[in-house]
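K.L.:
quick one, what's the 3D model for this:
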Amino acid sequence: DTNQVQWSLYSLAAVSLVFAALDRLFKTMKVNVRVAGGPRKLLQANLMRKYMNYEDRVRARIKEADILMCITKYCHDLVADGMVCSLKLVQNASLVVMVLTFQLWSALGGSLFDALVEIAPVLLFPVIMVLFLRLRNKKMLEAHERLDAATKDLSREVEFVIRNVRLILGLQKRPTAAQKIEQRIQEANAALTNKDSVNQTNYAFGPFVIGIIAFGSIIIGGNRCLEGTATAGTILSQLGALKLAGNAWNNVFREMFVLQSATAPLVHLVHYMNLNTDLAMRMKMSRHNRKMSLIRKQSDGPSNHDRLDIKFQGIYYTTKEGDAAGKLGPWSITVKQGSLTALVGHHGSGRTSFLRILGGIIQPDNGGQGFIPSHLRTYYITQYPMFVEGTLYENLVFGADTSNTADVKMSRVLSICKRIGMPDQLLKSIEAGADNPAELSSSEQMQLHLARALIGNPELVVFQKPFA
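P.N.:
Numbers count the residues shown, from 1 in each chain. Okay, here's the model as predicted:
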């Protein structure tokens, strides 16, 4: 029937247009995701926020190299091999559906055997590939885990050398350190080679299966032509559809292989995103301080808010979670505003831990029994000098309110530096914009470290061994 044939052609054309539009949509989404980098940025930014809110006990157990790997590699791999790859997967799956639709449509009106002959090869490929995927799953995971572990070990070894280079040089351990680095590099390269070999085998299997199925289809189609049950044109169109479907299925499974490689980054990110934080305790302490400040102001009058004492009563801290032997405290202290207080005690009594609690670096295990007036800004100054990348001046005003130009004015900065006895040569370097804090002497670095706290001008400064 001519009308039926025309209707079938129009329907096939409409289906082709729909799937072409979907293909274009997926390609556009893939490009937008890659260019914008929104998901990657979201993961990286939230991981850094999480890291800064970890409990100090948790942060102490984390290697800096592992966090760097998560930020620079795992976030990228998860988005590229996970999210973007999923769009490619859907794109190729839509092409497979289109080919199957064409095959089913062309089989209408024929015998059941003819329909099976046309559709069976297209459906046989995914069955074989699923079986292959199950057989290769363990080997693929082992290859990815081996590479992940080797890369992490290399990053940790590099971090160790960089952070302890003076110790290594002082104890004449250059050859040992270099040998360990070379060993880690060799292990990482071997793991990478192994992973590439596994991937090449996986990627080569799909085209091999397509060739076998195409060979069988040619034999069956040739016999049907000889028997007169099918025309050469029909057989050629079926082979074309089979080739198109085979390539689409092969791309689907290639993306599945890539998608599986995103498992390791996902596991690492889930791990670091779910470590304990002290955010709830800090919020509890902050609310407690605001509440107590309001009560005291109402009872003593608003003019006396600068006379509110800093009080801590019976607080303690456990250096290792769940370890009763690591419990420090209890501590009790009352400090008047405007006073200078020194904390003394024997070694191991928890002086540093208590100062870190005062400075807000760590939270007491039974938070809520301390009080710092909520209007006081608190700075904690470590025992050892620490610097950020930048000039000496930028380091000095790092803790100050840069929106207040008077606080960060060069004349004010130099005046404070002079008052703590900085040498003239160092003052000239600050004014000239020098950027070499690491090249200064230990005493000059300590002077900069202390001056930064005074330039920031907080209401409460907690010094850890300021004259050590």
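K.L.:
residue boundaries of the strands in the stretch 201-350 of the chain?
P.N.:
310-318, 327-335 (DSSP state E, counting those that start in this stretch).
K.L.:
the last one - what's its average pLDDT?
P.N.:
Read that as strand 327-335. Strand 327-335 shows a mean pLDDT of 86.
K.L.:
buried residues in it, which are they?
P.N.:
Burial within strand 327-335, assessed by neighbour count using 16 or more other CB atoms under 10 Å, is assigned to 328-329, 331, 335. The C-beta positions use only the backbone N, C-alpha and C, and glycine is treated the same way.
K.L.:
where does residue 316 land on pLDDT?
P.N.:
85.
K.L.:
that one and residue 330 touch, don't they?
P.N.:
Yes. The criterion here is CB atoms under 8 Å, and residue 316 meets it with residue 330 at 4.8 Å.
K.L.:
how about a markdown table for the strands of the stretch 201-350 of the chain, with distance to residue 157 added?
P.N.:
Shown next, in a markdown table, are the strands of the stretch 201-350 of the chain (distance: least, CB to CB, whole Å):
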| stretch | distance to residue 157 |
| --- | --- |
| strand 310-318 | 32 |
| strand 327-335 | 33 |
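K.L.:
quick one: closest of those to residue 38.
P.N.:
Closest of the strands of the stretch 201-350 of the chain to residue 38 is strand 310-318, at 39.9 Å (criterion: CB to CB).
K.L.:
ok, the closest one: who's next to it in the sheet?
P.N.:
In the sheet, strand 310-318 lines up against strand 327-335 (antiparallel), strand 370-371 (antiparallel) (DSSP bridges).
K.L.:
and of these, who's closest to residue 284?
P.N.:
Nearest to residue 284 among the strands paired with strand 310-318 is strand 370-371; the distance by CB to CB comes to 10.8 Å.
K.L.:
who's in contact with the closest one?
P.N.:
Residues from elsewhere that reach strand 370-371 (CB atoms under 8 Å, 6 or more residues apart in numbering): 285, 288-289, 292, 309-313, 315, 357, 364.
K.L.:
can you flag the buried ones in those residues?
P.N.:
285, 288-289, 292, 310, 312, 315, 357, 364.
K.L.:
between those, which sits nearest residue 439?
P.N.:
Nearest to residue 439, judged by CB to CB, of the buried ones among the contacts of strand 370-371 is residue 357 at 34.7 Å.
K.L.:
please name every helix or strand in contact with the longest helix along the chain.
P.N.:
Identified as the longest helix of the chain according to DSSP state H is helix 174-227. If you count contacts as 3 or more CB pairs under 8 Å, 6 or more residues apart in numbering; DSSP states H and E, helix 174-227 packs onto helix 112-163, helix 165-170, helix 232-261.
K.L.:
among the ones you listed, which is nearest residue 450?
P.N.:
Minimum separation from residue 450 across the helices and strands packed on helix 174-227 (CB to CB) falls at helix 165-170, 22.8 Å.
K.L.:
average pLDDT for that closest one?
P.N.:
Averaged over helix 165-170, pLDDT sits at 90.
K.L.:
of the buried residues of strand 327-335, which is the nearest to residue 127?
P.N.:
Residue 127 has its nearest neighbour among the buried residues of strand 327-335 in residue 328, at 63.5 Å by CB to CB.
K.L.:
about what we covered before: is it possible to export the strands paired with strand 310-318 to CSV including distance to residue 391?
P.N.:
As requested, the strands paired with strand 310-318 are exported to CSV (distance: least, CB to CB, whole Å):
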stretch, distance to residue 391
strand 327-335, 35
strand 370-371, 38
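K.L.:
for residue 48, find the nearest of those.
P.N.:
Minimum separation from residue 48 across those (CB to CB) falls at strand 370-371, 28.2 Å.
K.L.:
which SSE is immediately downstream of that closest one?
P.N.:
Per DSSP states H and E, the first helix or strand lying C-terminal to strand 370-371 is strand 378-381.
K.L.:
give me the buried positions along that following strand.
P.N.:
Neighbour counts over strand 378-381 (16+ other CB under 10 Å) mark 379-381 as buried.
K.L.:
strand partners (parallel or antiparallel) of it?
P.N.:
Paired with strand 378-381 in the same sheet, following DSSP bridges, are strand 460-463 (parallel).
K.L.:
do a quick rundown of the helices in the stretch 1-150 of the chain.
P.N.:
Per DSSP state H, counting those that start in this stretch, the stretch 1-150 of the chain carries helices over the ranges 2-36, 38-52, 56-60, 64-69, 75-78, 85-107, 112-163.
K.L.:
C-alpha coordinates for the fourth one, PDB please?
P.N.:
Extracted C-alpha coordinates of helix 64-69, given in PDB (Å, rounded to 0.1, in the frame of the first residue of the first chain):
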ATOM      1  CA  GLU A  64      48.500  17.600  52.900                       C
ATOM      2  CA  ALA A  65      49.400  15.600  49.700                       C
ATOM      3  CA  ASP A  66      46.100  13.700  50.000                       C
ATOM      4  CA  ILE A  67      44.000  16.900  50.100                       C
ATOM      5  CA  LEU A  68      46.000  18.400  47.200                       C
ATOM      6  CA  MET A  69      45.300  15.200  45.200                       C
END
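K.L.:
what residues does it touch?
P.N.:
Here helix 64-69 makes contact (CB under 8 Å, 6+ apart) with 47, 51, 151-152, 155-156, 158-159, 268, 272.
K.L.:
and that helix, what's its mean pLDDT?
P.N.:
Regarding helix 64-69, the rounded mean pLDDT is 90.
K.L.:
to the chain's geometric centre, what's the distance from it?
P.N.:
The chain centre lies 9 Å from the centre of helix 64-69; the measure is CA atoms, centre = their mean, to the nearest Å.
K.L.:
quick check: buried residues in that helix?
P.N.:
Within helix 64-69, the residues that qualify as buried by neighbour count (16+ other CB under 10 Å) are 65-67, 69.
K.L.:
output the below-cut-off pLDDT ranges for the stretch 251-400 of the chain.
P.N.:
302-303, 321-325, 366-368 (pLDDT under 70).
K.L.:
quick one, helices of it?
P.N.:
For the stretch 251-400 of the chain, applying DSSP H, counting those that start in this stretch gives helices covering 263-273, 279-300, 351-358, 392-396.
K.L.:
residue 177 is nearest to which of those?
P.N.:
Ranking the helices of the stretch 251-400 of the chain by proximity to residue 177 (CB to CB) places helix 263-273 first, at 26.7 Å.
K.L.:
from the middle of its chain, how far away would that closest one be?
P.N.:
8 Å.
K.L.:
which residues are contacting that helix?
P.N.:
With contacts defined as CB under 8 Å, 6+ apart, helix 263-273 is touched by 43, 46-47, 50-51, 62, 66-67, 69-70, 73-75, 77-78, 81-82, 141, 144-145, 148.
K.L.:
mind checking which of those are buried?
P.N.:
By neighbour count, with 16+ other CB under 10 Å, these hold 43, 47, 50-51, 66-67, 69-70, 73-75, 77-78, 81-82, 144, 148 as buried.
K.L.:
count the neighbours of residue 301 for me.
P.N.:
10 (other CB atoms under 10 Å).
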